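1. the sequence and its predicted three-dimensional model are supplied below.
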Amino acid sequence: MKKLTFAVLCALGLSAQAAPVTSLPGGTVLPMPVLGYFGAGPQTLAPGVDWSSAYNYSVYGYDGNYGFADNGFWSGLTMAGTNDTTSTMMLKFSQAVSGVGAFLNYAPRYYGTATIAAYDSTFALIESTTLTFLTAGGQNQGEFHGFLENTPSISYFTMTGAFVGATDFTVLAVPEPETYGMLLAGLGLLGLASRRRKA
């Protein structure tokens, strides 16, 4: 029992560590409405999730042609894009999440690299990564990239530079407080049952 208690206390003491990921199993795709919006936002993607951009001509809920030079183009995908070489667009979460990502593409040949990053509620950087993938240059190509944490501490997800575009924003839902309560109650009942067996 002492070993189990020690292991639980050690696990609780671990700090949040984000890892770049190329998939988010168990995540929920947030459907983006078709708006054909050009601007800086904010626009509501889902309850508690807002999209915005630093550039006044970014696109959101856009399903027309959006080019990535040699990395192809998107057409018919409802997407958000910086529509600029250096600007940043962002998702802001009213309640921190433990995982976030999107299906992405960018224009590397002429405009360099794009960067994605995760930040906490104070806008302190948790993790960032530079996109380096190349596609075959066809329609609706790209890759999924994002971040996964061991605790729900991601409050902002940013995408910067190289005409980066994103669709299929995906989040790993945060367990509701009731879920933690049920977990603790269940563990308590297991402990009680174990003690009764020993007695």
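-> Now that the structure is in, tell me what you want to look at. Numbering: from 1, shown residues only.
2. low-confidence ranges in this protein?
-> The model of the chain has pLDDT under 70 over residues 1-17, 174-199.
3. how about the secondary structure of the residue nearest to the spatial centre of it?
-> For the chain, the residue nearest the mean C-alpha position is residue 100 (1.8 Å; CA atoms, centre = their mean). The local conformation at residue 100, judged by DSSP: H, G, I helix; E, B strand; the rest coil, is strand.
4. please name the bridge partners of it.
-> Beta-bridge partners of residue 100, counted by DSSP bridges, are residue 147, residue 171.
5. I'd assumed residue 149 was in contact with it.
-> No - taking contacts as CB atoms under 8 Å, residue 100 lies outside contact range of residue 149: 9.2 Å. C-beta here means a position set from N, CA and C on the backbone, and glycine is covered the same way.
6. hey, what's in contact with both of these two?
-> When contacts are counted by CB atoms under 8 Å, 6 or more residues apart in numbering, residue 100 and residue 149 have residue 118 as shared neighbours.
7. give me the neighbour count for residue 141.
-> Around residue 141 sit 17 other residues, with neighbours defined as other CB atoms under 10 Å.
8. OK, contacts around the nearest residue to it once chain neighbours are set aside?
-> Beyond its immediate neighbours in the sequence, the residue positioned closest to residue 141 (CB to CB, 6 or more residues apart in numbering) is residue 135, lying 3.9 Å away. In this structure, residue 135 makes contact with 68, 71, 72, 105, 141, 142, 143, judged by CB under 8 Å, 6+ apart.
9. distance of the first one from residue 114?
-> To tie it back to what came earlier, the one meant is residue 68. Residue 68 sits 10 Å away from residue 114, taking CB to CB, to the nearest Å as the criterion.
10. how about residues contacting the longest strand seen in the chain?
-> If you go by DSSP state E, the chain has its longest strand at strand 88-97. Contacts with strand 88-97, where a contact means CB under 8 Å, 6+ apart, come from 42, 45, 48-55, 58, 80-82, 100, 120-121, 152-161, 164, 166, 169, 171-174.
11. just the helices in this structure please.
-> Listed in chain order, the helices of the chain (DSSP state H) span residues 2-12, 108-111, 177-198.
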